[in-house]
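In: below are the sequence and a predicted model; questions follow.
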Amino acid sequence: MSDIVISGYYGLGNSGDEALLKSIVSDLRKISPDVTVTALSGNAQMTERKYNIATVGRFNVFSVFRELKKAKMLISGGGTLIQDATSTKSLLYYLGIIYLAKKLGLKIMLYANGLGPIKDKNVKLVEKVLNKADVITLRENISLDEIKRCNITKPEIHITADPAFNLVPSSEERLASLMEKFNIPQDKPLIAVSVREWQGLKECFAEQIASVLDNMCEKGYFPVFVPMQLSSDLNISLEIANKMQHRSSIVDEEIEVSDMLGIIGKSDIACGMRLHMLIFASVMKIPMAGIVYDPKIKGFMDYMGQTTYVELDNFSQKEFFDALVYCHENKSEMKNILSQNFDSFKKKADENAKLAVKLLKS
């Protein structure tokens, strides 16, 4: 029996979501060391081993029901779970877990969620289910707009920050070993790159990114591709690397979240599509440029006060290169801004666990 069941996109090889679970569990235990947690995971054995928590298979209906029936509280999150851009099926899964938990009498918290986009046809369903929650914390302002659009008024709502702001990188010794393993030079300025497969990618996208990175190489940078989810990021990373005229490195196997954080922290600039690449860069105070394939990217960049992003729908090779050049030329200023804001966002991230434990004990 666990006090809290955590529902999210765990055990499926996405570094951003693994970072969230690691942070949530760690932050809860800092405040309430005796709290017991069960996570719903796509790879229960791996998740149990990595985070020292109980787990059940996320699609094992009987096990999920049994765990919810014994628990006191459901945490849904973090991440962008309540959205239908991936599929309505995904939305129904997470809403279904929340609905079942409430039927069984659990307290409900959406923990540092991004919310949306949600199609008009699904707004009423989201409204009905999320108004059953007790507490909702959001990781940026754009999600609050979606909350209002869906007429979610009954829960206690707070804007906090992503739990990843409480993560720490691996040791210098460990990072040196990893950089040697992945042929990442330690005597050149590095640019960390995150790309992913996406339905809106044009055929010329890989060639455009390769050209931009070659231009950055001419300025002395060495690109390091950091796939945040190997299954969807590695092939396109390899495609871009193969189209480049200059050398690059690819982190071509799964590594721990703290390792990834450290490698990004060794970079001078970070860029790309994955939200948690940009979040990890923020945590490590690394200037960044984003490619907005989803509203959550723009929402996060705006929340962090960063203007260096371009839209995927109207992707401009020149605009993306200009954004990277801006990061290069204003590196010190951007690092200072990120450093000045870090303590504020870390405190906001801490609020998530404080509110969760308060709800659990109320």
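Out: Arrived safely.
In: going forward, measure contacts and count neighbours with C-alpha atoms only.
Out: OK.
In: the chain: helices as residue ranges?
Out: 15-31, 44-51, 61-70, 88-103, 123-130, 141-149, 172-181, 205-218, 230-243, 257-265, 275-283, 295-303, 317-329, 331-361 (DSSP state H).
In: mind showing which ranges of this protein have poor pLDDT?
Out: 1 (pLDDT under 70).
In: give me the domain ranges for it.
Out: 4-159, 172-342 (automatic domain parsing).
In: what's the closest of the helices of the chain to residue 160?
Out: Smallest distance to residue 160 across the helices of the chain (C-alpha to C-alpha): 4.6 Å, for helix 331-361.
In: residues near residue 218, how many?
Out: For residue 218, the neighbour count with other C-alpha atoms under 10 Å is 11.
In: can you check residue 52 too?
Out: Neighbours of residue 52 (other C-alpha under 10 Å): 12.
In: residues near the closest residue in space to residue 359 that isn't next to it in sequence, how many?
Out: Leaving aside its sequence neighbours, residue 359 sits nearest to residue 107 (C-alpha to C-alpha, 6 or more residues apart in numbering; 7.4 Å). Neighbourhood size, residue 107 [other C-alpha under 10 Å]: 22.
In: and for residue 338?
Out: Neighbours of residue 338 using other C-alpha under 10 Å come to 22.
In: could you shift the numbering so residue one becomes 569, and keep it that way?
Out: From this message on, residue numbering opens at 569, which makes the last subject residue 906.
In: bridging residues for residue 683?
Out: Counting by DSSP bridges, residue 683 forms beta bridges with residue 650.
In: pretty sure it sits against residue 714.
Out: Yes. The criterion here is C-alpha atoms under 8 Å, and residue 683 meets it with residue 714 at 6.5 Å.
In: and these two? Which one has more around it.
Out: residue 683 (25 against 17).
In: how about the contacts made by the more buried one?
Out: Residue 683 makes contact with 648-651, 706, 711-712, 714-715, according to C-alpha atoms under 8 Å, 6 or more residues apart in numbering.
In: one step back: of the domains of the chain, which is nearest residue 916?
Out: Across these, residue 916 has its closest neighbour in domain 572-727 (8.0 Å, C-alpha to C-alpha).
In: how far does that closest one sit from its chain's centre?
Out: Distance of domain 572-727 from the chain centroid (C-alpha atoms, centre = their mean, to the nearest Å) equals 14 Å.
In: how long is that domain end to end?
Out: Terminal residues of domain 572-727 lie 22 Å apart, using C-alpha to C-alpha, to the nearest Å.
In: sweet, I'm off.
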